[in-house]
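Engineer: Let's see this in three dimensions:
(chains A and B)
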Amino acid sequence: MAIPNKIVISNPVLNGTIRKNDKWGQGHFGAPRGSRKHNGIDITTQLGTPILSPIEGKVIRVAYPYASDMSFTGLLIKGTGAHQGLEVKIFYMKPTSNIVNKAVKPGQQIGTSQSLLNKYPGITNHIHIEIKLNGIKQNPKSLIKNIF
Amino acid sequence: MKILNILLFQLFILSACNANSIDAFKSNNINNAPESLTKQILSVGEKCVTLYQSKEVSILEQHCSEKSIRQGIYIADTLGTRSFNWYDAPFNNWAWNEGCNSEKDCYYKIITNSKGEVTNLEYYFFINLSEGYFKIKIKDNQLIISEKKIVDHPS
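Structural biologist: Residues are numbered from 1 along each chain as shown, chains lettered A, B, ... in the order given. Prediction:
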């Protein structure tokens, strides 16, 4: 599905770049993940890096990437205004307290990055971001200006 | 002893032949569900349920706590409609909240006996970054987990 040209979102990490190759894989959209493909992009961080809302929207809830390891968290944000129709999930971040149900603007801090190094030794630390537009998965790189 | 072993082996083969394994995938068409399940869906609202269907069996998951019918799993087979508590409530709630990565990534494999009654369920999932399965037996009107596997993938 073609993405309307006018939709642009912010980089959730200040000057963040896409995770390059490490022993666990690569961070670009569609990168191999066993028999599947990567559903989002990974943006490199360090423990405690501020995570910024990429869109104008409402924080719907805390999200959990793993079924049996609730120490890793994230957020689900639904777009409003210029970002109506977007749904963003960000994993491997600790949400700012009381952020759920709050309206957020692009660039507003919504949490801090967690560390993956104990769970996946040797991995480049990162957050994971997935985006749907009207229910259809998108490549976040195509929406974020100047991310490499 | 040898004759007994042969008899047991034949019984095993016979029971294996009578068991039937079928896959049930998520369905958005509640009109295909048996009447009893359609009534349940309408009474709790479509937003509260996930319906999985095969030709022979329907499985309904009811997730909303404030509704008049209890949360849990409803199975419609040749026995009629039976309801069960969650086999793993934290997992079931997590799966409902997060949603499957695609509709094909979550499904039930259903095992029925020769009468068409469901005796076992296997739930396969790929949700967010976790993937795995639950193997479940129906025993004394309860769902009992006999085996489970959950693998956490790095993103």
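Engineer: Where do the helices of chain B begin and end?
Structural biologist: B:2-18, B:35-44, B:89-98 (DSSP state H).
Engineer: which stretch in these has the least confidence?
Structural biologist: The minimum mean pLDDT among the helices of chain B belongs to helix B:2-18 (a mean of 57).
Engineer: What helix or strand is the residue nearest to residue B:129 when sequence neighbours are not counted located in?
Structural biologist: Nearest residue to residue B:129, sequence neighbours excluded (CB to CB, 6 or more residues apart in numbering or on different chains): residue A:65, at 4.3 Å. Where C-beta positions appear, they are placed from N, C-alpha and C, glycine not excepted. Residue A:65 is part of no helix or strand, with elements assigned from DSSP states H and E.
Engineer: which ones are touching residue A:65?
Structural biologist: A:72-74, A:91-92, A:128, B:128-130, B:152, B:155 (CB atoms under 8 Å, 6 or more residues apart in numbering or on different chains).
Engineer: In chain B, where is pLDDT below threshold?
Structural biologist: B:1-17 (pLDDT under 70).
Engineer: what's the spacing between the closest residue to chain A within chain B and residue A:138?
Structural biologist: Nearest residue of chain B to chain A (CB to the nearest CB) works out as residue B:155 at 3.5 Å. In this view, residue B:155 and residue A:138 are 16 Å apart by CB to CB, to the nearest Å.
Engineer: higher neighbour count, the two?
Structural biologist: residue B:155 (27 against 21; other CB atoms under 10 Å in any protein chain shown).
Engineer: pretty sure the more buried one is touching residue A:90, no?
Structural biologist: No. Residue B:155 lies out of contact with residue A:90 (CB atoms under 8 Å); the separation is 10.4 Å.
Engineer: list residues touching both of these two?
Structural biologist: residue A:128.
Engineer: Now do the buried residues in stretch B:144-155.
Structural biologist: Along stretch B:144-155, these residues count as buried under the neighbour rule (16 or more other CB atoms under 10 Å in any protein chain shown): B:148, B:152-155.
Engineer: do stretch A:76-95 as well
Structural biologist: A:76-79, A:83, A:86-95.
Engineer: and what of stretch B:66-77?
Structural biologist: B:69, B:71-77.
Engineer: tell me how far the ends of stretch B:108-123 are from each other?
Structural biologist: 5 Å (CA to CA, to the nearest Å).
Engineer: Please narrow the buried residues of stretch B:66-77 to those residing in strands.
Structural biologist: Under the assignment DSSP state E, the buried residues of stretch B:66-77 contribute B:72-77 to strands.
Engineer: Now tabulate these in TSV and tack on distance to residue B:87.
Structural biologist: What follows is those, written out as TSV (distance: CB to CB, whole Å):
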residue	distance to residue B:87
B:72	9
B:73	8
B:74	13
B:75	12
B:76	18
B:77	17
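Engineer: can you narrow the residues you listed to ones near chain A?
Structural biologist: By CB under 8 Å from any CB of the partner chain, no member of those lies near chain A.
Engineer: Widest-spaced pair of the buried residues of stretch B:66-77?
Structural biologist: Among the buried residues of stretch B:66-77, the pair separated by the greatest distance (CB to CB) is B:71 and B:77, at 20.5 Å.
Engineer: Within the helices and strands, which one has the closest residue to chain B within chain A?
Structural biologist: The nearest approach of chain A to chain B comes at residue A:128, 3.5 Å away (CB to the nearest CB). Per DSSP H and E: residue A:128 is located in strand A:126-133.
Engineer: Appreciated, that's everything.
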